[in-house]
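Asker: need a 3D model of the sequence below.
(5 chains, ligands or ions: 5)
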Amino acid sequence: MNALTLWFHRMGSPPTFYAFAERWRPWFLWSGLLLTVVALAWGLFFTPADYLQGDSYRIIYIHVPSAWMGQFVFAVMAVSGFVALVWRIKLAEIVSLASAPIGATFTAIALATGSLWGRPTWGTYWVWDARLTSTLILLFLYFGVIGLSRAIEDRRKAARAAALLAIVGLVNIPIIQYSVYWWNTLHQPSSVRLFRGETTIDPSMLWPLLLMAVATKLYYAWSLLGRAQAMVLEQESGKDWVRQLATADRNA
Amino acid sequence: MHADRDRRVRRMSLLAAPGALLRRDLLIAWRRRAEVLNPLLFALMVTALFPLALGPEAGQLARIAGGVAWVTVLLASLLSLDALFRSDLEDGGLDQWLVSGRSLPLLAGARLLGHWLTTGLPLTVAAPVLASMLGLPGDAALTLLAALALGTPVVSMVGGTCAALTAAMPRAGILLALMVLPLMVPVLVFGAGAVDAALTGVSPLAALLWLAAGLALALPLAPLACAAAIRISAQ
Amino acid sequence: MHADRDRRVRRMSLLAAPGALLRRDLLIAWRRRAEVLNPLLFALMVTALFPLALGPEAGQLARIAGGVAWVTVLLASLLSLDALFRSDLEDGGLDQWLVSGRSLPLLAGARLLGHWLTTGLPLTVAAPVLASMLGLPGDAALTLLAALALGTPVVSMVGGTCAALTAAMPRAGILLALMVLPLMVPVLVFGAGAVDAALTGVSPLAALLWLAAGLALALPLAPLACAAAIRISAQ
Amino acid sequence: MRSRPGTVTVNPDLPDPAAPWIRASRLAFARGPETIFGPIDLAVEGGRVLVVEGGNGSGKTTLLRVLAGLLEPSEGTLCWLGAPREPWRPAPGELALVAHQPGLKPDLSPAEQLAFAVGLSAGRGAMPIASALAAVGLEGYEHLPVRRLSAGQRKRVTLATLLVAPANVWLLDEPYANLDRDGHALVDRLIGLQVRRGGGIVMTSHGHFAPEALPCTRIAIAGCAG
Amino acid sequence: MRSRPGTVTVNPDLPDPAAPWIRASRLAFARGPETIFGPIDLAVEGGRVLVVEGGNGSGKTTLLRVLAGLLEPSEGTLCWLGAPREPWRPAPGELALVAHQPGLKPDLSPAEQLAFAVGLSAGRGAMPIASALAAVGLEGYEHLPVRRLSAGQRKRVTLATLLVAPANVWLLDEPYANLDRDGHALVDRLIGLQVRRGGGIVMTSHGHFAPEALPCTRIAIAGCAG
Ligand code: HEM
Ligand SMILES: Nc1ncnc2c1ncn2[C@@H]1O[C@H](COP(=O)(O)OP(=O)(O)OP(=O)(O)O)[C@@H](O)[C@H]1O
Ligand SMILES: Nc1ncnc2c1ncn2[C@@H]1O[C@H](COP(=O)(O)OP(=O)(O)OP(=O)(O)O)[C@@H](O)[C@H]1O
Ligand SMILES: [Mg+2]
Ligand SMILES: [Mg+2]
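Answerer: Ligands and ions are numbered 1, 2, ... in the order given. Next comes the predicted model:
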């Protein structure tokens, strides 16, 4: 057993994991908040307005990191789901299950900010552009995973079922992306060229963007650990260490 | 020689259980053979509904024919997927699969094959009828046939895996659709795209090759995923 | 006075059983409240599928929006109809309805009402969202809302009656669709027609009135028909 | 009016107080050409248990479903309290059926199942739901979904409906199946209760079990036992 | 190799011929935080019947499903012929399960049901389908769809699978339920057969029935009976 699997197995013990999460959550929260404040201040006040879009482009600091996170979290969900199914590690199950609503929220934020942004720039909230469509489908994939896990009462069973669906979804995501591009370019050669043309971005915009990307990951870690803690407590309610925790809480 | 016969015998016994399952599924389908036509009739009916819903301008219809045909086929498959594992779960049949100690992926594969034979195949065979109802010209109709032949097995396999996950839920119909439809986007896009290409005079080969690639990917993976799903549901 | 109170008591006790059934059905729906959103999500997803199948040109899309919205709503209802009486038949619940000696049409009516409240109503409420996805302008969107409010109860009632007839069949999904869809053609035509009329600037009132007439016809008749269907299935 | 103490009288105009609850004359049921059970006569009298005995496949369940009005007899007449009734449809509060498939919803708790049974019933002389659940030994399981109950626990929920939704005649199909020793005693107690208040009972049995020390009439149903 | 005469040997390399078919040590099952049955030890020996007794809801069915590999134990180890096996998955010909829900298809006849069971089985030392159906008393019902059979007749079809698809260990959940007197004798005969050929048997019971005059081990399962 190498160090990584050993670590996973140790983390698989609920009390160890709970203590780990308890220790690290504040760090994630505070560093994430700090980075957000810095990045937003930088982005909102210290970068120039876009020569084409004026100030409306500043929504980019929410939009793009959320869009990235929507995809990133799905990958995390599927990979930890795979770990859960193959090596039967409870913690991975929990990580997978707890990720779904967070990822769905990020995706929804990307969609919402995108369509708000679309109004001033494209004159409409929604067009059937390739990237927009594939983001929408990603959201639907999340809905499928969440719906499935909610519909199954037994938590472990729900986690495993959702993990399997996430894996199937992950295998499909590249294919979906490709097909959607193919679909759009086939029918509509040139309406929105925004994403592909604009590969060069001004460094003064890039830095706050990257900071935000890190901040959202920290936020994700914080939120994930919180949800996972709640799930662990629920699964383990009645065990000794949880009871001790509860009494310690009451005494404190 | 001897080793060869041994291997043959082992392979035969490996396929004995899925073979028996496929035979039984087809037998049940045969007992209810009136229902085998149903997906087909459904497809024909939805195809007939579209002009009613969209208004009768014929030109508009032919332009969207590929898409309509594929949406129809997807929905027909969806409707028949819901029951794919449910009754086996409820009547304890899946327990017997598991207790038998037989290879679960092979059993799952047999079930998926049975589903395709009773749903996808009739729809594919009926492609020319659908095509003529939608006013597709000859080569576009042929493309539709080819696309359905390549795409419907993927629908059965991916959809069947999702159906195995929802088997334990009494009314999963719509949840199943929520799970399956996003996964079916590539099949839909390439399937409808192939017909569209043929209609506009472009070669549909690229789209068809993508469908074939999807099929090649699903063939080995879907039975494994489906088996895993069955194990989860049967608990 | 006395006779009046007696009548009130009798009416109350007449409604006691259907009331209990409706309460129980809603309770079950509440237990699975995650699923209440599903018809809605399904409708959104199918609405998203159409552009994928038909191509993204917006102009074409808006022209067929009314039809697409109605086809979507019909399919969402269809998917949820299948299970409407099946589980009660299989678990012996329908036997209990019959043995109770309570008015079967009222019980059937309660079940149909429950179906509409959990399927048709959310779809109706979501009409504005569907409309904006399909690019419908404001008054057409309002017309869609009105048409759905009048049409979805009819779908629940007629579809529910068919579902009662097919309840005894293990995989009736598609057969049910075959029975329901032709019956739904008027709803579809008037429903889509109303939206179309609003789009082209004509008054949609005529189509809406036809829908209202259908509703007025179905309200008293559907529970009776449904009760008869239940008696047939329960044997 | 019939004056058995505590009887659940629902029909105010009982045709004949001395008549049995149900009388069947030359009752037979056939599916297509094949007779499932032959013409038989029977009377479900108040305060007595009618035990229908027969081997597997002899037609016991079918007979019960005919008496419950779920299947139409192919021959014979049925009378309720002496008055012939055609078609044979129960009125509220007349019949209760405990079958293999009792109509429990996996998502609902025993208490909620019983609340629905109360809604369907005539609602007189009933026991409160909580006491009924306690009486069948399901204390502590009132609020678990039925999905989580064992076979015997589900059977107990079904038996509790007899308490919360009283009926003049109980039709019990293998009431002892799936129950443990306590459960058997419970069924005996329930039957005793109904007998004491003058209600009628029809139960099927394979001859292993029967209520103890209660007035019984046994009839054998002649079928082509497997 | 194990040398009990007529034993259905499927695994050619049996680890320990003297070991019991299944040995469970400190086996427990929990759903979420709640333990369904406590840590128990048991051995399923060849030629003996292991009778699991307990009240309703004590966990008998759950234990059987764990032994069948359908549920994962939360604690404890399981050994097959002395060798620990993890995860616990049966190989062909090792286990047979007769449960409340036996996987019968309403549209198929008993003969067709059994043909499928044969397809799933390891297929050695089996009885022909027609003889098996005759042995369980279903002559004349071979070609009727199961939809048309009574509760007891369905149970008999399930019992016939034990004959056409032999297995080393039988897991029987309330095998006597729904059967008439003949049916009880039939179950006893079947169990006797398996005992004589050295196979293992685990059966649940509420204590009313047990195979007559056969070597039995009884264990009580401690649960919070309803
Ligand atoms: C609902 C509408 C929208 C959706 C769903 C959407 C979705 C996305 C996604 C998924 C990404 C991440 C791409 C990646 O993986 O790198 C992205 C990036 C981006 N989006 Fe949007 N978007 C929307 C509207 C808009 C609008 C209206 C604008 C501006 C006019 C915009 C500007 C950008 C920019 C500048 C990027 C970063 C460029 C890049 O990394 O390629 N988006 N969007
Ligand atoms: N739905 C049906 N269609 C046709 N025949 C049926 C149907 N149900 C039962 N039968 C036949 O009717 C006969 C009587 O069945 P029934 O279920 O009444 O028997 P039973 O006495 O209750 O038996 P058991 O003790 O096994 O429950 C059986 O031979 C059976 O084959
Ligand atoms: N799917 C489930 N989910 C949660 N709890 C369950 C589930 N199935 C059973 N239980 C609980 O587990 C306990 C044991 O159930 P089990 O079915 O094993 O009992 P049993 O001994 O077979 O009882 P019976 O004699 O009534 O069949 C019961 O208290 C029941 O409430
Ligand atoms: Mg019976
Ligand atoms: Mg049990």
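Asker: helix/strand/coil for residue D:30?
Answerer: strand (DSSP: H, G, I helix; E, B strand; the rest coil).
Asker: who does it bridge with?
Answerer: Beta-bridge partners for residue D:30, by DSSP bridges, are residue D:35.
Asker: residue contacts, it?
Answerer: Counting by Cβ atoms under 8 Å, 6 or more residues apart in numbering or on different chains, residue D:30 touches D:36, D:74-75. C-beta here means a position set from N, CA and C on the backbone, and glycine is covered the same way.
Asker: and for residue A:165?
Answerer: A:144-145, A:148, B:162, B:165, B:179 are the contacts of residue A:165 under Cβ under 8 Å, 6+ apart.
Asker: ChimeraX command to pick out the buried ones of the residues you listed?
Answerer: Selecting only the buried entries of those in ChimeraX, with 16 or more other Cβ atoms under 10 Å in any protein chain shown as the criterion:
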select /A:144,145,148 /B:162,165,179
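Asker: among the contacts of residue A:165, name the ones in helices.
Answerer: Cross-referencing the contacts of residue A:165 against helices under DSSP state H gives A:144-145, A:148, B:162, B:165, B:179.
Asker: which of the residues you listed sits closest to residue E:84?
Answerer: residue B:165 (31.0 Å; Cβ to Cβ).
Asker: and the closest one, what is it in contact with?
Answerer: Residues near residue B:165 by Cβ under 8 Å, 6+ apart: A:148, A:161, A:164-165, B:179, B:229, B:232-233.
Asker: same check, this time on residue D:99
Answerer: If you count contacts by Cβ under 8 Å, 6+ apart, then residue D:99 has C:92, C:95, D:61, D:64-65, D:173 around it.
Asker: can you narrow these to ones near ligand 4?
Answerer: residue D:61 (Cβ under 5 Å from the ion).
Asker: with neighbour count added, can I get the contacts of residue D:99 in CSV?
Answerer: Shown next, in CSV, are the contacts of residue D:99 (neighbours: other Cβ atoms under 10 Å in any protein chain shown):
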residue, neighbour count
C:92, 20
C:95, 21
D:61, 21
D:64, 22
D:65, 20
D:173, 23
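Asker: keep only those of the contacts of residue D:99 that are in helices.
Answerer: C:95, D:61, D:64-65.
Asker: mark which of the contacts of residue D:30 are buried, thanks.
Answerer: Buried, going by 16+ other Cβ under 10 Å: residue D:36, out of the contacts of residue D:30.
Asker: up against ligand 4, what does chain D have?
Answerer: Contact residues (Cβ under 5 Å from the ion) of chain D with ligand 4: residue D:61.
Asker: so what touches the helix or strand bottoming out on mean pLDDT in chain D?
Answerer: Ranked by mean pLDDT, DSSP states H and E, the weakest helix or strand in chain D is strand D:216-220, scoring a mean of 85. With Cβ under 8 Å, 6+ apart as the test, strand D:216-220 has contacts from D:40, D:42, D:45, D:48-54, D:210.
Asker: is there a quick ChimeraX command that grabs whichever of the residues you listed are buried?
Answerer: Buried residues among those (16+ other Cβ under 10 Å), as a ChimeraX selection:
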select /D:40,42,45,48,49,50,51,52,53,54,210
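Asker: how many neighbours does the residue of chain A found nearest ligand 4 have?
Answerer: Relative to ligand 4, the nearest point of chain A is residue A:153 (32.1 Å; Cβ to the ion). For residue A:153, the neighbour count with other Cβ atoms under 10 Å in any protein chain shown is 17.
Asker: quick one: it is in a strand?
Answerer: No: assigned with three-state DSSP, residue A:153 falls outside any strand and is coil.
Asker: poorly predicted segments of the chain, please.
Answerer: In the absence of a named chain, chain A is used. Confidence mapping of chain A against pLDDT under 70 gives the ranges A:1, A:8, A:47-56, A:185-203, A:252.
Asker: sorry, I should have been clearer: chain D.
Answerer: In chain D (pLDDT under 70), the answer is D:1-17, D:123-125, D:209, D:223-226.
Asker: where along it do the strands fall?
Answerer: Applying DSSP state E to chain D gives strands spanning D:22-31, D:34-44, D:49-53, D:75-80, D:83-84, D:95-98, D:169-172, D:200-205, D:216-220.
Asker: neighbouring strands for the fifth one, and are they parallel or not?
Answerer: Here strand D:83-84 is paired, per DSSP bridges, with strand D:75-80 (antiparallel).
Asker: buried residues in the strand it pairs with?
Answerer: D:78-80.
Asker: quick one: is the biggest helix by length in chain D near chain E?
Answerer: Longest helix in chain D, counting residues (DSSP H): helix D:181-196. Yes: Helix D:181-196 lies within reach of chain E by Cβ under 8 Å from any Cβ of the partner chain, at D:181-184.
Asker: name the member of the residues you listed with the most neighbours.
Answerer: Among the residues of helix D:181-196 next to chain E, residue D:183 has more neighbours than the rest - 25 neighbours, counting by other Cβ under 10 Å.
Asker: thought that residue was touching residue D:153?
Answerer: No: in this structure, residue D:183 is not within contact of residue D:153 by Cβ atoms under 8 Å, at 9.5 Å.
Asker: now the common contact residues for these two.
Answerer: residue E:56.
Asker: mind listing what residue 136 touches?
Answerer: Let's take chain A. A:111, C:48.
Asker: um, chain D though
Answerer: D:156-157, D:159-160, D:163, D:186.
Asker: let's see that with 7 Å instead.
Answerer: D:156, D:159-160, D:186 (Cβ atoms under 7 Å, 6 or more residues apart in numbering or on different chains).
Asker: what distance do you get for it to ligand 3?
Answerer: Residue D:136 sits 13 Å away from ligand 3, going by Cβ to the nearest ligand atom, to the nearest Å.
Asker: can you check residue D:24 too?
Answerer: Counting by Cβ to the nearest ligand atom - residue D:24 and ligand 3 are separated by 34 Å.
Asker: ok, what's across the strand from that residue?
Answerer: Assigned bridge partners for residue D:24, using DSSP bridges, are residue D:42, residue D:78.
Asker: I figured it hits residue D:73, correct?
Answerer: No: the pair residue D:24 / residue D:73 is not scored as a contact, 8.1 Å apart, by Cβ atoms under 7 Å.
Asker: give me the nearest residue to residue A:239, chain neighbours excluded.
Answerer: Closest residue in space to residue A:239, ignoring its immediate chain neighbours: residue E:33 at 6.9 Å, by Cβ to Cβ, 6 or more residues apart in numbering or on different chains.
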